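Asks: Here you go, sequence then predicted model.
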Amino acid sequence: MAIITFSNSTPLTVATPADPTGTTNTTGVMMGLGVLITPAFSGRIKMTVTGNLTNSTGTAGNGAKTQLRYGTGTAPANAAALTGTAVGSVLTSVLERATANDLQPFSAVYVVTGQALGAACWVDISLAAVVAGTALVKNLTVVLEEI
């Protein structure tokens, strides 16, 4: 994973994590992106995660759903139980035709406030399969900026 952290007056982290292992879980698990930011002046963080959602089972009606999550302490690993604070809408992509791995774009953006200055905050996404099959996220970019 390429992570660029700028240490000027505005903390900014830009990461392009490798595609995590997908899941057949329909409740959701963590993706283990391991992307961190340490607030320095406001404790207000804009989180943006973009990429593609898909399902490896080519059956119409299968799909994937994702949601932003954040927390402090140790960042979750891939396939870990749901943890942290969930924010923003659950973004869902459902296959309309029987085509496996049909990539659908998503963009999850949210601003959180009240983060402790000087304390690292991790940002991750949860992922769940819709109906059946293996849900996947691909081609991720994560941008974390203190505003």
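Replies: Yep, it's here.

Asks: can you pull up the bridge partners for Val87?
Replies: Beta bridges link Val87 to Leu68, judged by DSSP bridges.

Asks: and what of Val94?
Replies: Here Val94 sits in beta bridges with Gly63, going by DSSP bridges.

Asks: pretty sure it contacts Thr54?
Replies: No - Val94 lies out of contact with Thr54 (CB atoms under 8 Å); the separation is 10.7 Å. Bear in mind the C-beta positions are built from the backbone N, C-alpha and C, glycine included.

Asks: the more surrounded of these two?
Replies: The neighbour comparison of Val94 against Thr54 (other CB atoms under 10 Å) goes to Thr54, with 24 against 15.

Asks: which SS class is the more buried one?
Replies: Here Thr54 is recorded as strand under DSSP: H, G, I helix; E, B strand; the rest coil.

Asks: Quick check: it vs Leu136, distance?
Replies: Thr54 sits at a distance of 5 Å from Leu136 (criterion: CB to CB, to the nearest Å).

Asks: so what's the most centrally placed residue in the chain up against?
Replies: Closest residue to the average C-alpha location of the chain: Ile125 at 2.7 Å, with CA atoms, centre = their mean. Applying CB atoms under 8 Å, 6 or more residues apart in numbering, we find Ile125 in contact with 30-31, 33, 49, 66-69, 108, 137.

Asks: Where does it fall, secondary structure wise?
Replies: Element membership of Ile125 [criterion: DSSP states H and E] is strand 121-130.

Asks: Quick check: what element follows that strand along the chain?
Replies: strand 135-146.

Asks: wait, what's in contact with Val143?
Replies: Contact analysis of Val143 by CB under 8 Å, 6+ apart lists 12-15, 46-48.

Asks: Number of residues surrounding Phe61?
Replies: In this structure residue 61 is Gly, not Phe. By other CB under 10 Å, the residues close to Gly61 number 14.

Asks: Tell me, what's the model's pLDDT at it?
Replies: Predicted confidence (pLDDT) for Gly61: 83.
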